[in-house]
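>>> got a predicted model here, sequence first, then my questions.
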Amino acid sequence: MSEKGKLIVISGPSGAGKSTIVFKAIEGRTDFCFSTSVTTRAPRPGEEDGREYFFIDRERYDQMVADGELLEHAEYVNNGYGTPRAYVEQKLAEGMNVVLDIEVQGARQVHESVPDAVMIFIIPPSMEELRRRLIRRGTDSMEAIEGRLMRARQEYAEAEIYDYLIVNEDADVAASEFSAIVKAEHLRTRDRLYLLK
């Protein structure tokens, strides 16, 4: 019997460096994948069905929500987004660690439906550093940056649902911490009892 993969939920404010940390941690590894979400929005130029998203119509999306086929779902700008349960369960059964990079709202839904999901919250060293990173990125107006900082404070208030907190002061150190968390989770006795038989 081979070990199942782990469902790893990562959240944190925009600008915390979530993607950088995860990509550094899983570079060259074949036992990780990112979950592919469903969405009702139209594909953008260059996007492929099943790669960036599974593109579905509103009727199918609403049916998936009603039938409990989504681990989590939310509405953004009049479009539905969600994580398909069957896709995640298939990858986990294949021994893949599935990474979900989602907002706190979705993370709470996943935490309720998959209690053994590994919940990781990633933050910058300070709110001032977060402000600097967002400004340096150059993709948002100052008004939008202030909105992101306000949203970050709201997310911090809900961080107690997470199992682990990584402070991303140095991306290499943070990536090492991410890897250590996943390694430790795979060593849990409850998941390795089959080795004792």
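Now that the structure is in, tell me what you want to look at. In this text, all values refer to a predicted model and were calculated from it rather than measured experimentally.

>>> contact partners for the residue nearest the centre of the chain?
Nearest to the geometric centre of the chain sits Asp101, at 1.9 Å (CA atoms, centre = their mean). When the contact criterion is CB atoms under 8 Å, 6 or more residues apart in numbering, the partners of Asp101 are 10-11, 18-19, 22, 34. (Glycine included, C-beta is placed from N, CA and C.)

>>> what's the burial count for Asp170?
Neighbour count for Asp170, taken as other CB atoms under 10 Å: 11.

>>> measure it to Lys91 for me?
Asp170 sits 30 Å away from Lys91, going by CB to CB, to the nearest Å.

>>> same deal with Val110?
14 Å.

>>> quick one on the thing from earlier: who does the residue nearest to the centre of the chain bridge with?
Following DSSP bridges, Asp101 is listed with bridge partners Ile10.

>>> how much space separates it from Asp140?
The span separating Asp101 from Asp140 equals 19 Å under the rule CB to CB.

>>> for Glu155, same thing?
Taking CB to CB as the criterion, Glu155 is separated from Asp140 by 17 Å.

>>> same check, this time on Met150
As judged by CB to CB, Met150 and Asp140 stand 13 Å apart.

>>> looking at the two, which is more packed in?
For the pair Met150 and Asp140, the greater number of neighbours falls to Asp140 (15 against 9), based on other CB under 10 Å.

>>> contact partners for that one?
Neighbour list for Asp140: 134, 148 [criterion: CB under 8 Å, 6+ apart].

>>> for it, give me phi and psi.
Recorded main-chain torsions at Asp140 are phi -130, psi 150, according to degrees, to the nearest 10.

>>> can you check Val167 too?
For Val167, the backbone dihedrals (degrees, to the nearest 10) come out as phi -100, psi 110.

>>> switch to numbering from 18
New numbering, starting at 18: the last item is Val184.

>>> contacts only, for it.
With contacts defined as CB under 8 Å, 6+ apart, Val184 is in contact with 140-142, 191.

>>> of these, just the buried ones, ChimeraX syntax please.
Those of the contacts of Val184 that meet the burial criterion (16 or more other CB atoms under 10 Å) are gathered into one ChimeraX selection, given here:
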select :140,141,191
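
>>> just the strands from this structure, written as ranges.
24-28, 49-51, 54-56, 70-72, 87-93, 96-101, 114-118, 135-140, 181-184 (DSSP state E).
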